[in-house]
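Student: I would like the atomic coordinates for the input below:
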Amino acid sequence: MLRLQAAMNTKVDQNWIRAAYPYLRAVVIEASEAMEHHGWKWWKKQHCDLAQLQMELVDIWHFLLSEVLLREQGNQDMAAASLFAHLEHDSTAVLDIDGNHFQLQQMDLLQKLQLLIATAALNRVEIGLFTLILEDCQMNWTQLYRQYVGKNVLNFFRQDHGYKEGTYQKIWHGREDNEHLVELINSLPEQADDFPERLYQALKKHYPA
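Tutor: Numbers count the residues shown, from 1 in each chain. So this is what the prediction gives:
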């Protein structure tokens, strides 16, 4: 995933390391969108869209990977070591922020997403917290990997079809491309060795001319 993310960042900007984009700011925004898909407004009836909520977590993971890569100046081996260190040592019981102790196991999903926003705003990468959010969204790391590869392909597809120039159509046939992506991922064999290539071609077939 680090290799794919580095390739995506390079496609967007070959000098992405020097540019030092605020990837954790993007985490703040994506986590807010995840809360919208979950539903948080107590004054109106809302339904949790689990598929789109999971896709927002995939987007968050893109930016967490990018931040870890940036901190290691693009060195993928060092970034991988950093991630594994986080996974091994991050506490999933208590998170300390400015003397405040957050008991993660006692928090619901919305509270954890709000805490993820807070830690990202404080320039912190909290993999343990993200792991618990994954579990709350009925995902494991293998499922995250599959959806990550899918979204990575979509991001390449967007760039190839004018995303940076502003000519890409994000709404197809009345629905966002993310929604089409979920359907196409589920339509392809799980163990297909050429999964990225087949998914790219499926997106190309469905994208309006």
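
Student: which residues in the protein form strands?
Tutor: 94-97, 100-103, 171-172, 175-176 (DSSP state E).

Student: For Ile127, which of the ones you listed is the nearest?
Tutor: Closest of these to Ile127 is strand 94-97, at 11.5 Å (criterion: CB to CB). (Glycine included, C-beta is placed from N, CA and C.)

Student: Buried residues of the closest one, list them for me.
Tutor: Applying a neighbour-count criterion of 16 or more other CB atoms under 10 Å, the buried positions in strand 94-97 are Leu95.

Student: hang on, the earlier thing: can you tell which of the strands of the chain is closest to Asp194?
Tutor: strand 171-172 (23.4 Å).

Student: average pLDDT across that closest one?
Tutor: What strand 171-172 shows for mean pLDDT is 92.

Student: again, but for stretch 41-59
Tutor: 91.

Student: Mind listing residues that contact that stretch?
Tutor: Residues outside stretch 41-59 that contact it (CB atoms under 8 Å, 6 or more residues apart in numbering) are 30-31, 33-34, 37-40, 130, 133-134, 137-139, 143-144, 147-148, 150-151, 178-179, 181-182.

Student: rerun that using 7 Å as the cut-off
Tutor: Stretch 41-59 is contacted by residues 30, 33-34, 37-39, 133-134, 137-139, 144, 147-148, 151, 178, 182 when judged by CB atoms under 7 Å, 6 or more residues apart in numbering.

Student: ok, now stretch 11-30?
Tutor: Taking CB under 7 Å, 6+ apart as the rule, stretch 11-30 contacts 9-10, 56, 59-60, 63-64, 66-67, 70, 73-74, 117, 120-121, 123, 156, 159.

Student: of the residues you listed, buried ones?
Tutor: 9, 56, 59-60, 63-64, 66-67, 70, 74, 117, 120, 156.

Student: Next, format the residues you listed as a markdown table and append distance to Ala81.
Tutor: Shown next, in a markdown table, are the buried ones among the contacts of stretch 11-30 (distance: CB to CB, whole Å):
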| residue | distance to Ala81 |
| --- | --- |
| Asn9 | 19 |
| Glu56 | 27 |
| Asp59 | 24 |
| Ile60 | 21 |
| Phe63 | 20 |
| Leu64 | 15 |
| Ser66 | 17 |
| Glu67 | 15 |
| Leu70 | 15 |
| Gly74 | 14 |
| Ile117 | 27 |
| Ala120 | 22 |
| Phe156 | 27 |
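
Student: Tell me which of those fall in helices.
Tutor: Secondary structure defined by DSSP state H assigns 9, 56, 59-60, 63-64, 66-67, 70, 117, 120, 156 of the buried ones among the contacts of stretch 11-30 to helices.

Student: rewinding a little: a markdown table for the strands of the chain, including distance to Asp49?
Tutor: Converted to a markdown table, the strands of the chain look like this (distance: least, CB to CB, whole Å):
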| stretch | distance to Asp49 |
| --- | --- |
| strand 94-97 | 27 |
| strand 100-103 | 26 |
| strand 171-172 | 17 |
| strand 175-176 | 11 |
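
Student: rank the ones you listed by mean pLDDT and give me the bottom one.
Tutor: Minimum mean pLDDT among these: strand 94-97, a mean of 82.
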